[in-house]
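>>> could you look at this predicted model? Sequence included:
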Amino acid sequence: MNASEAQVVHAPAEEPMLKRAAGGLVGEAIGSIAVIALAIVGLVGILSTTMAAIATIVLGVSILLESGMFAGSAEML
């Protein structure tokens, strides 16, 4: 009988989660900047009601994407 040895190399579990978190933070920053820009445009007086509605939608999507990111990272553990 021949004995064989197998070596398994495991990547750290933290690396994919850190990449996801970094991507989520970038997405959150972009969403926040968009909300600020829409709020300023609305305060100037250009389509105030429409800008408020769009800013609310952008903020909601940003929060939704962030919460989905953390829910997905828990499955990797």
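That came through, no problem.
>>> quick check: residue 32 vs residue 5, distance?
52 Å (CB to CB, to the nearest Å). Just so you know, the C-beta spots here come from the backbone N, C-alpha and C atoms, and that holds for glycine as well.
>>> ok, the two, which is more surrounded?
Neighbour totals were compared for residue 32 and residue 5, and residue 32 leads with 13 against 4 (other CB atoms under 10 Å).
>>> count of neighbours near the residue lying closest to that one once chain neighbours are set aside?
Closest residue in space to residue 32, ignoring its immediate chain neighbours: residue 62 at 6.9 Å, by CB to CB, 6 or more residues apart in numbering. A count of neighbours around residue 62, defined by other CB under 10 Å, yields 19.
>>> wait, isn't residue 62 in contact with residue 27?
Yes - contact criterion CB atoms under 8 Å: residue 62 and residue 27 qualify, at 6.7 Å.
>>> isn't residue 31 right up against residue 62?
Yes - Residue 31 lies in contact with residue 62 (CB under 8 Å); the separation is 3.0 Å.
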